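Engineer: give me a model of this one.
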Amino acid sequence: MSQSNSGNDALLDVTQLSKRFGGNVVLQGVSLTVNRGQIVGLLGPNGAGKSTLLSAIAGELRPDEGSVIFAGKQVGSKSVPERCAMGIVKIHQEARSFRSLSVINNLRVVHPGGPRKHWIGGNESQSFEVLRSLKLLDHAYDLAGALSVGQQKLLALARALIREPVLLLADEPTAGVNAAIAGVIKQELRRLTEQGRGVLLVSHDLRFLSEICDRVIALDLGLVVAAGSVDAVLQNEKVVSAYLGRRT
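Structural biologist: Residues are numbered from 1 along each chain as shown. Now for the predicted structure:
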């Protein structure tokens, strides 16, 4: 894991981000930084605001207050496709794919927040290399809908990697997968950071977070309640109370 914490390496700067849905406040002044070559994890109980935060960074929803700066540029007015073109790519908690298309054809199309398929070009050998890295090469011509749950997660990651993300946002990337597939996912996330890219992920798997993250940030009721190493955060009294104690 990268140990860089230099401000000069900052890839993502989120400052005082807030979001309300009616009278429900889901994010309250959240600030965080992801440096180049870093994996930062978000943890917290259900309803803490983790997925909402990823959606705000990806451009899927607009915050009521605060700013999102990516690679030194303010992206608050940018759409999902525009942010994706800049290098902000998101993997959703529910593995999304075109189930009626083959696995390889899923890498030939993009779906940047709209209902229509958009065919892209790209290097054919690159697509097969991504599938090889994710242990999906033998399924290249299978229908995506025929894949197992774990393989669907791998395909979702493959569809993100083919976009060559500079910042990968991953919502529960290993939920519901076995240890072997989780290992493949960890390997690919580390490979991204070795290339100087950044990862911001949500996970309830504390072991996974401890094995892969440089830093973690704990949220509760839309507030940052702790930040630091996994061990330090899990010993924080507010985290113990909110995440490991009274509420699940």
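
Engineer: low-confidence stretches in this protein?
Structural biologist: Applying pLDDT under 70 to the chain flags the ranges 1-8, 110-123, 243-248.

Engineer: pull the longest helix from the chain.
Structural biologist: Longest helix in the chain, counting residues (DSSP state H): helix 179-194.

Engineer: next structured bit after that one?
Structural biologist: Next helix or strand after helix 179-194 toward the C-terminus (DSSP states H and E): strand 198-202.

Engineer: partners of that following strand, with directions?
Structural biologist: Here strand 198-202 has these sheet partners by DSSP bridges: strand 39-43 (parallel), strand 167-171 (parallel).

Engineer: so what angle separates the directions of the longest helix of the chain and strand 198-202?
Structural biologist: 140 degrees (axes from the mean of the first three to the mean of the last three Cα atoms, to 10 degrees).

Engineer: now do helix 179-194: which elements does it pack against?
Structural biologist: strand 39-43, helix 149-161, strand 167-171, strand 198-202, helix 206-212 (3 or more Cβ pairs under 8 Å, 6 or more residues apart in numbering; DSSP states H and E). Quick note: C-beta positions are derived from backbone N, CA and C, even for glycine.

Engineer: among those, which is nearest S77?
Structural biologist: Minimum separation from S77 across those (Cβ to Cβ) falls at strand 167-171, 17.6 Å.

Engineer: and for the closest one, what are the contacting residues?
Structural biologist: With Cβ atoms under 8 Å, 6 or more residues apart in numbering as the test, strand 167-171 has contacts from 11-12, 34, 50-51, 54, 57-58, 70, 87-93, 157, 160, 189, 192, 197-202.

Engineer: cool, and stretch 61-79?
Structural biologist: Surrounding stretch 61-79, the residues in contact under the criterion Cβ under 8 Å, 6+ apart are 11-20, 27, 29-31, 52, 55-57, 59, 82-83, 86-88, 113, 166-167.

Engineer: cool, and stretch 151-161?
Structural biologist: 89-92, 95-97, 103, 106-107, 110, 130-131, 134-136, 139, 144, 147, 168, 170, 173-177, 181, 184-185, 188, 192.

Engineer: of those residues, buried ones?
Structural biologist: Buried members of these, counted by 16 or more other Cβ atoms under 10 Å: 89-92, 95-97, 103, 106-107, 110, 130-131, 134, 136, 139, 144, 147, 168, 170, 173-175, 177, 181, 184-185, 188, 192.
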